[in-house]
Each structure stands twice: as structure tokens, then as C-alpha cells.
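> give me coordinates for this.
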Amino acid sequence: MRDSRRGSEHRSVKVLVGILVIELIAVASLAATAIGSTKAKTISVAIVANGQMQDIARLTPSLFTKKSGIKVKYTILDEGKLRQITTRDVGSGGKSFDVVMIGPYEAPQFGVAGLLKDLTPMAKGDQAYNYNDLIPAVRNALSAKGHMYAAPFYGESSFLMYRKDILAKKGIKLSLHPTWQQVAAAARKIKTSSMAGICLRGKPGWGDLGAAFTTVLNTFGGTWWSSKPNGQPDKAQVN
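Numbers count the residues shown, from 1 in each chain. Sure, this is the predicted structure:
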């Protein structure tokens with residue numbers, strides 16, 4: 001009894017800057033001086049503390065280490081802390097991690113700056129990886145100037161989901177493509193002391209709030225920053 005509606009074409013994609021393919025031994029480094037061989041015995045990997053990535057950490061010993069002989073040392077952090085640490089490490093030229101989990105916001109910027117390994121040759125060169133099978137929008141978001149700098153492990157997209165039985169009891173009907181004003185009005189009618197009218201991401205952080213809120217902001221014709229004549233960001237437009 002649930003209905004889901006896609007709220008925007010915006011996608012928030014979580015990615016690993018690395019490809020665990022080619023017999024699960026090809027790994028990309030965060031720094032431009034990437035690991036060039038499989039002789040390394042241990043690599044350091046920073047990932048976000050969510051279910052998908054905890055699964056990959058749990059499966060690594062049997063699916064990766066067992067075949068490659070390479071031990072993976074994971075640093076698992078919440079998204080805000082992970083973004084802060086990896087950005088600071090990259091900006092200072094540090095080499096704390098060989099592989100990090102980033103998104104389409106950082107991948108093109110870090111890649112063009114020469115801070116990431118270009119994964120295109122490995123991705124296209126390994127028939128088992130099937131480079132062309134990647135969703136084009138996701139692949140392009142992780143690329144710059146024809147070079148892919150991150151390999152997607154999973155992707156996210158925003159949508160509206162609601163209980164049709166609850167709306168029916170309240171006599172509420174939503175169109176196929178409701179406006180945010182209509183959604184807000186429905187939420188107010190549904191809200192009671194025992195039931196929230198709507199639930200949205202609200203934890204401080206880009207992925208926890210910023211990325212999802214951007215779809216709302218864009219819908220109302222808003223923007224995070226105004227632009228200077230040369231296209232550079234100017235003044236903040238959200239208080």
C-alpha cells in the first residue's frame with residue numbers, strides 16, 4: 001500500500017575511488033602516485049558507516065584478501081567526518097588512504113586536479129567489469145574530460161513515498177507529479193500527536209541533508225550561491 005514518485009532527476013551517488021576487479025587486485029590510490037602493483041600487503045581504505053559499505057568490509061576477507069593476498073585496513077566514519085578527513089587529506093597532499101569513498105561532487109574536481117588515479121584504462125580494459133553497463137548518468141557524474149575517476153558501488157535517487165491508505169482516510173489525493181506545496185499541505189492534514197506528517201533528511205552534512213534539500217531548493221527556483229560574471233560562486237542565497 002505504498003506509492004513512490006520520483007521527486008527529481010538528481011542523484012546522490014556514493015562511490016569507491018577504486019576498482020576491485022581484474023581478479024579483485026586492481027586498486028586505485030587517492031594520491032596521483034597510485035599503487036602500481038599487487039605487491040603491497042596492506043592498503044588503507046576510508047568508507048562511510050552505512051549498511052552497504054559495512055557489507056563490503058565484511059565480505060573483503062573472503063572475496064578480496066583471500067584471492068589477492070592484500071589486507072585491507074578500513075577506517076569507517078559517518079559521512080560528515082569522512083568528507084572532512086578525506087578532503088583535508090587531499091588538500092594537504094597527504095597519503096593517509098589508498099582508496100576513499102567519495103561522491104560526484106568531489107570526483108571530477110579531485111580528478112582534474114590530478115589527485116586521483118584515472119580508472120578509465122582499467123575499467124575499459126577488463127571485460128568482466130563491463131564499463132558500458134554503468135548507468136551513463138552515474139558514470140558521467142564521476143568523470144571529467146572523458147576520464148572516470150571513481151567506480152560506483154551503489155547509487156541513490158530521491159523520490160516521494162507515501163501510504164495510500166492513510167491519505168484515503170484523510171480524503172487526500174496527490175497528483176502524479178505533486179508540487180511541494182501540495183505535499184506540505186497533505187503532511188499538515190496527516191500530522192497528529194502520534195504520527196508525523198512527513199519525514200525528511202535533516203542531519204547536518206552534505207549527503208545527510210544538503211544533497212536532498214537541493215532538489216527542493218531547485219524546484220522553487222532557488223540556488224545555493226549567486227554567480228559572479230566569470231561564473232565563480234559569489235554570495236550565499238540560503239540563510
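
> how about low-confidence regions in this structure?
1-40 (pLDDT under 70).

> redo that, cut-off 80
1-40, 90-95, 156-157, 205-207 (pLDDT under 80).

> mind listing the residues bridging to Ser157?
On the basis of DSSP bridges, Ser157 is bridged to Arg11.

> equivalent analysis for the one 5 residues further on, please.
According to DSSP bridges, the partner residues bridging Tyr162 are Asp3.

> all the strands of this protein, in order from the start?
For the chain, strands defined by DSSP state E occupy the ranges 2-16, 42-48, 71-77, 99-102, 143-144, 147-148, 151-163, 225-227, 233-236.

> which one of those strands lies nearest to Ala113?
Ala113 sits nearest to strand 143-144 of all the strands of the chain, at 9.7 Å, using Cβ to Cβ. From N, CA and C alone the C-beta is placed, and that goes for glycine too.

> contact partners of that closest one?
107-109, 111-112, 120, 149 (Cβ atoms under 8 Å, 6 or more residues apart in numbering).

> restricted to helices, list these.
Among those, DSSP state H puts 107-109, 111-112, 120 in helices.

> just the buried ones out of those residues, please.
Burial by neighbour count, 16 or more other Cβ atoms under 10 Å: within the ones in helices among the contacts of strand 143-144 this picks out 107-108, 111.

> and which of those is nearest to Pro229?
Pro108 (23.1 Å).
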